[in-house]
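Engineer: next input, structure requested:
(4 chains)
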Protein chains: 2
Amino acid sequence: MPVMSKKSYHHGDLKNALISAAIEIVAQEGVYGLTLRKAARKAGVSHNAPYAHFTDKQALIAAIAVDGHSKIQSLISKVVEKYPNDPLQQLVHLAWAYVQFGLRSPAHYKITFSGLIENEKNYPAFVEVSQLSMSAIKKITADCQSAGILKKSDYEVEMVAVSMWGLIHGLVSLVIEGQVSSKLLMRNPPKAMLIATLQQVVCVPLDVSILNS
Amino acid sequence: MPVMSKKSYHHGDLKNALISAAIEIVAQEGVYGLTLRKAARKAGVSHNAPYAHFTDKQALIAAIAVDGHSKIQSLISKVVEKYPNDPLQQLVHLAWAYVQFGLRSPAHYKITFSGLIENEKNYPAFVEVSQLSMSAIKKITADCQSAGILKKSDYEVEMVAVSMWGLIHGLVSLVIEGQVSSKLLMRNPPKAMLIATLQQVVCVPLDVSILNS
DNA sequence: AATCAAACTTGACAATGTCAAGATTATATC
DNA sequence: GATATAATCTTGACATTGTCAAGTTTGATT
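Structural biologist: Sure thing, here's the model as predicted:
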């Protein structure tokens, strides 16, 4: 791994530098503000340098999405480690991680989870990492069912996991889009909102205090 | 309302013509294929004509979203008329309308419900129509609660409605993005999928046969 | 040390969003 | 009904963008 020297012809770590730059741009100017040339400028290279690492503008966007999935996954790992054998805590904190990521970095969240990538199958890294996310949710869901925390439906585990995923993702989307009135948010901050939602799905009553950590 | 004469300087109904053209483009070439100039070409006007009706490219996108909301709302109206005093049927068919719209016109659905509009507050028509959608869902949800079909939570009706909305929207999003494996879809076609999902939320068992219509 | 491939640059091109200024037509006012 | 006014549409121009082509620099391999 070559050191990032100040002024060499070769950047050394341009790919990651471009991704970071792109994430910053997206955070500051939104999805439509992202430009290949702008990212290149921010990384201090010429306007065509990105093409050595990304075939497309879409490929850079896909890389941002991969980064988003990775961030969520590292959060999930931490949560699973912190609450072993407690799938309810894992589930709630998993959902909470999504909400936090979504509210903290809306644009990044959108790119990652809201289907802004046109042909995802063209980007194997994205396909792989998004399947990993799904696997994590599936595992936690299955554990919840075994522990009697989630209803067992007649359909397979994946079915219920998709429902959970959808529920959380849908909620976050609505909050980000502002379709949930701010008044409602004031009276029911996201954390309580999440609990209320999960209570619809979970068949044991939830104690809100489990979230104080 | 002037007739759409063949070759007058004034188009007569350019605004709607542009929206239709844009929807077609989006359906055929995806969101990134949409271009102001392309829509203008398709409507047979000069490249700057759209600016008489839309301040922005974003404004045209917002108009597409408004159209999507309108389509869903007319579907909702029909369903509510068809099943008066049967909130469960209303709920299921409402959800089903979303799924159908999403699977039939993925790109249009994305623009309408997936937050592709950057600053929605800048487009009052969009804000208004999306609030109407929410109101419809809220009413049906409340009716379901009154009928004992949906659990009453400690939180207000809007809370539960948001959950329902989120659940449906999240599911459709995942299907559109292809994050739900096609194998799963084969074994559980969308209609059954929807039922499975609703069974997580609804506290009375659902009979799949109610969907045969 | 010579070769090769990867990483990066410069240059070019068509397409796009949008501004400015002018042309055409509908509508309202007298 | 003529005239003013505003809405609608056109032509022209410009900077920016994604991407192709061709060349340059450099690290790696032999």
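
Engineer: is chain B contacted by the host helix or strand of A:Ile111?
Structural biologist: In this structure, A:Ile111 is located in helix A:106-113 according to DSSP states H and E. Yes - using Cβ under 8 Å from any Cβ of the partner chain, helix A:106-113 comes into contact with chain B via A:Lys110. For glycine as for every other residue, the C-beta is placed from the backbone atoms N, C-alpha and C.

Engineer: quick one: that helix to chain centroid distance?
Structural biologist: On the basis of Cα atoms, centre = their mean, to the nearest Å, helix A:106-113 sits 7 Å off its chain's mean C-alpha point.

Engineer: any residues touching it, and which ones?
Structural biologist: Helix A:106-113 is touched from outside by A:23, A:26-27, A:30-31, A:61, A:64-65, A:67-69, A:72, A:101-102, A:116-117, A:169, A:172, A:176, B:115, with contacts defined as Cβ atoms under 8 Å, 6 or more residues apart in numbering or on different chains.

Engineer: doesn't A:Ile19 lie inside a strand?
Structural biologist: No - counting by DSSP: H, G, I helix; E, B strand; the rest coil, one finds A:Ile19 to be helix, located in no strand.

Engineer: can you give me the pLDDT of it?
Structural biologist: Looking at A:Ile19, its pLDDT stands at 97.

Engineer: which residues does A:His129 contact?
Structural biologist: Quick fix: residue A:129 reads Val, not His. A:Val129 makes contact with A:Val66, A:His69, A:Ser70, A:Gln73, according to Cβ under 8 Å, 6+ apart.

Engineer: same question, A:Ala22
Structural biologist: Residues in contact with A:Ala22, defined by Cβ under 8 Å, 6+ apart, are A:Leu34, A:Ala39, A:Leu60, A:Ile61, A:Ala63, A:Ile64.

Engineer: give me the nearest residue to it, chain neighbours excluded.
Structural biologist: For A:Ala22, the nearest residue in space outside its immediate sequence neighbours is A:Ala39; the separation is 4.7 Å by Cβ to Cβ, 6 or more residues apart in numbering or on different chains.

Engineer: which of the three states applies to the one you found?
Structural biologist: Recorded secondary structure, A:Ala39: helix (three-state DSSP).

Engineer: pretty sure it contacts A:Leu18?
Structural biologist: Yes - the pair A:Ala39 / A:Leu18 is scored as a contact, 5.2 Å apart, by Cβ atoms under 8 Å.

Engineer: shared neighbours of those two, anything?
Structural biologist: By Cβ under 8 Å, 6+ apart, the residues touching both A:Ala39 and A:Leu18 are A:Pro50, A:Leu60.

Engineer: domains of chain A?
Structural biologist: In the assignment given by automatic domain parsing, the structural domains of chain A cover A:11-54, A:58-206.

Engineer: the helix holding A:Ile111 near DNA strand D anywhere?
Structural biologist: No - judged by Cβ under 7 Å from any atom of the strand, helix A:106-113 makes no contact with DNA strand D; its nearest approach is 14.0 Å.

Engineer: let me see the mean pLDDT of that helix.
Structural biologist: Helix A:106-113 shows a mean pLDDT of 91 in the predicted model.

Engineer: over to stretch A:77-84?
Structural biologist: 92.

Engineer: got a list of contacts for it?
Structural biologist: A:Gln89, A:Gln90, A:His93, A:Leu94, A:Ala97, A:Ala136, A:Ile140.

Engineer: most widely separated two among these?
Structural biologist: The most widely separated members of those are A:Gln89 and A:Ala136, with 14.5 Å between them, by Cβ to Cβ.

Engineer: picking up where we left off before, give the PyMOL command for selecting the buried subset of the contacts of A:Val129.
Structural biologist: A single PyMOL command selects the buried members of these (16 or more other Cβ atoms under 10 Å in any protein chain shown):
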select buried, chain A and resi 66+69+73
